[in-house]
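>>> Predicted model follows, preceded by the sequence.
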Number of protein chains: 4
Amino acid sequence: MSVNNPEKVTRQREERRSQILHASIGIFANKGLAAAKISDIAEAAGISHGHVYNYYSSKEELFVSLVKMLQERYGRVCEEARGREGNARDKLLWHARKIGEDENALNGMHVVLHAETIAGISAEEKREIPRRAVENLQPIIAIVKQGQEEGTFREGRPEELAVLYFALLNGVSGARRRGLGAVASPDEEQLVGLLCK
Amino acid sequence: MSVNNPEKVTRQREERRSQILHASIGIFANKGLAAAKISDIAEAAGISHGHVYNYYSSKEELFVSLVKMLQERYGRVCEEARGREGNARDKLLWHARKIGEDENALNGMHVVLHAETIAGISAEEKREIPRRAVENLQPIIAIVKQGQEEGTFREGRPEELAVLYFALLNGVSGARRRGLGAVASPDEEQLVGLLCK
Amino acid sequence: MSVNNPEKVTRQREERRSQILHASIGIFANKGLAAAKISDIAEAAGISHGHVYNYYSSKEELFVSLVKMLQERYGRVCEEARGREGNARDKLLWHARKIGEDENALNGMHVVLHAETIAGISAEEKREIPRRAVENLQPIIAIVKQGQEEGTFREGRPEELAVLYFALLNGVSGARRRGLGAVASPDEEQLVGLLCK
Amino acid sequence: MSVNNPEKVTRQREERRSQILHASIGIFANKGLAAAKISDIAEAAGISHGHVYNYYSSKEELFVSLVKMLQERYGRVCEEARGREGNARDKLLWHARKIGEDENALNGMHVVLHAETIAGISAEEKREIPRRAVENLQPIIAIVKQGQEEGTFREGRPEELAVLYFALLNGVSGARRRGLGAVASPDEEQLVGLLCK
DNA sequence: AATGAATGAGGCTTCATTCAT
DNA sequence: AATGAATGAAGCCTCATTCAT
């Protein structure tokens, strides 16, 4: 069957690539690139370790593919937030909740944040990562501008507020990933509230 | 000399331990425990790789010692901030600047934040790390309480505001460590300002 | 094939373990645990050094497995000797010849004899080794008793004669392994003869 | 003082060499050449590890010196046994007891017996060791001949009986070094008795 | 003489990657 | 496609040896 249906073959191949990629998020997030073993990822994906190499030529390529996918996915969420109906506060709240409720997204941020400092990936890819990060910040900047125009957001350069928002998002997700969640786990409303007057 | 002066020998030994420890901060911060090579650290410390083992019995012990030292040092800064003269805003500003101006402190936060999720360290040490993290949060919580009493800080549970402050500190230091610093680099005044009305 | 036949896979795995174990006898006998290199053993087994670790988790585990196997095999020879038809002298002669003609058995005695004094193996295993050694002495003791009842063996506590026999077996095999074989190489008949009147 | 008395300096140097040599017997006997650490030996000798190298240029040289010393000492005991007054049985009994009561001598046999199979010593030294061993066997052979002439010893080639005696001596000392001593510990009278009618 | 800090060669072990099945 | 046996590069760690004091 698959022999006779090249389109289906391609689709199945894409699905398998995606399966491996998603299985690797938690592994990379918890262990980092160096400590993550291909066999860990294969096990999480439910395949043999050798089979991973039929889809990705190396651990680094898998990692870079993952980072790219995560950044693009995160970028789409940012774009979607900006494009929503309503005021800036609601947009940002929707964004924070969208990220906060998705464990993969939280883990993904973690993965991405460490990708740049990492050895073993090509220089070109290393340049792409912060470029996409800056690109992904634009919709947030736009939302902040809207909020300032609406008079609900704090004053200050929108870029800086956007970075602070991103820092909060990461910091809070990190705190949850660790022990501080037991002390206090601020919700998204508080988080977004900090940017408002 | 060293034969005749045991006190000096002990001190020199401590200095060498400290030298290795400090040399390792940047390495661990940039690469993580798994990717950091003992030979990297030895090189940064200006000694041979074998000599490291005259001071630390393993890479893991070195890492755990570093995390402990960094947490204690961070804890002292937090305590000192709380104990200072003046209002809560000034205390927190002093704290943020103290951390922000010290590259080792920033790198150190990064090291510590990833220590807990890491394999290869004893269960006991793993428990100690979040315990010390929570302990170190107490002075910040106290400052937040003071700020709320003074009427300058936002309302909300002090614990949650303290966690948000910590998240901001980390997030901003992380953003500086990476490419976002080029877009915008919020200063400490803005950072602390978010917690104020 | 291997995919479809789990029984065969298991058997092949056992065979490979056994292959490594047997290859290691000569290495350990000639060099001892500390001086024996995993790469020596791998080379003797005809595989790469890394592959050894797919079958044994460490050099020590391999060594302990070897000692255990050798003791059990030696024990079976002792049991078989006791269970044979005939008088005590013939039984012991058969035993001495069985051991003497098998280079692996001779090397094996050598390995086992040094296992107990060795560092780097677990306390439990260290206790097991002399226990099995004593257990393996029992059939010899029984043969000595029979010989004394038949009136052909020397008087004395059977345990002590059995230990003397064991000492002779080892000592003669050791002498052969070394230079004294050139001077004189007593045969099994002489060896067993010493225990007889 | 020592500056002014070169003879005394030489003597003290010899004493220190001897001290190290004797301290090393137990270490080498228990661990073997490869596993014995210079620091173990230095500790047993009560000096610093670096100081050992003021007396021996390498671990191998120390080991070879030890083996030589032990063989010569053993040779003197053999010679003395042969030269004693009395019948062969008493001579051999005296010999066995002399060796048996001296822990260093027992450990020493153990050291020597493994010296030949060991790597890391020069080819010339490797040839010397069995040569001295054969040389040391001569007095025992002479005693055996005397015993056969006296009619108290078993028949057979004297060389072979001497080798058997040596095997017994080693085997019994080995059994004592290990667990079999708990089962039975044949005394020298029994040991020598085996060679007699 | 005596110490122990320092070096680096070498062996153990892991795991990314390949490849026969 | 899928498996896992097999390889070997690379990093941890030990310890023989050197050397400044």
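Thanks, I have the structure now.
>>> CA atoms for contacts and neighbours, from now on please.
Noted.
>>> for chain B, what are the nearby residues on chain A?
Counting by CA under 8 Å from any CA of the partner chain, chain A comes close to chain B at A:30-32, A:34-35, A:116-119, A:130, A:133-134, A:159-161, A:163-164, A:166-168, A:170-172, A:174-175, A:178-180, A:183-186, A:191, A:194-195, A:197.
>>> For residue A:182, grab the count of nearby residues.
Residue A:182 has 11 neighbouring residues, counting by other CA atoms under 10 Å in any protein chain shown.
>>> same deal with residue A:12?
Using other CA under 10 Å: residue A:12 sits among 13 other residues.
>>> Could you do residue A:50 as well?
Neighbour tally, residue A:50, other CA under 10 Å: 11.
>>> Report pLDDT for it.
With respect to pLDDT, residue A:50 scores 97.
>>> Over to residue A:131?
Per-residue confidence at residue A:131 stands at 90 (pLDDT).
>>> can you tell me which helix or strand it belongs to?
Assigning secondary structure by DSSP states H and E places residue A:131 in helix A:123-150.
>>> Report all helices and strands that that helix contacts.
Contact analysis of helix A:123-150 by 3 or more CA pairs under 8 Å, 6 or more residues apart in numbering or on different chains; DSSP states H and E lists helix A:59-83, helix A:88-100, helix A:158-177 as its packing neighbours.
>>> now the closest residue to residue A:87 other than its chain neighbours: how far from residue B:138?
Nearest residue to residue A:87 in three dimensions, chain neighbours excluded: residue A:147, at 7.2 Å (CA to CA, 6 or more residues apart in numbering or on different chains). When CA to CA, to the nearest Å is the yardstick, residue A:147 and residue B:138 sit 34 Å from each other.
>>> quick one: which of the two has more around it?
Between residue A:147 and residue B:138, counted using other CA under 10 Å, the more crowded position is residue A:147 (23 against 18).
>>> mind listing what the residue nearest to residue A:87 touches?
A:87-89, A:153 (CA atoms under 8 Å, 6 or more residues apart in numbering or on different chains).
>>> try residue A:110
A:29, A:170, A:174.
>>> what about the residue of chain A found nearest chain C, distance to residue D:114?
Here the residue of chain A nearest chain C is residue A:48; by CA to the nearest CA that distance is 12.6 Å. Separation of residue A:48 from residue D:114 (CA to CA): 48 Å.
>>> neighbour count winner among those two?
residue D:114 (18 against 15).
>>> okay, that one: pLDDT?
At residue D:114, pLDDT is 77.
>>> Equivalent analysis for residue A:179, please.
In the prediction, the pLDDT value recorded for residue A:179 is 64.
>>> about what we covered before: which residue is the nearest non-sequential neighbour of the residue of chain A closest to chain C?
Nearest non-adjacent residue to residue A:48 (CA to CA, 6+ apart): residue A:42, at 5.7 Å.
>>> The one you found belongs to a helix?
Yes. Applying DSSP: H, G, I helix; E, B strand; the rest coil, one finds residue A:42 inside a helix.
>>> Find the nearest non-adjacent residue to residue A:144, please.
Nearest one to residue A:144, counting by CA to CA, 6+ apart, is residue A:158 at 5.8 Å.
>>> Give the full set of residues in contact with the one you found.
Counted by CA under 8 Å, 6+ apart, residue A:158 has contacts A:141-142, A:144-145.
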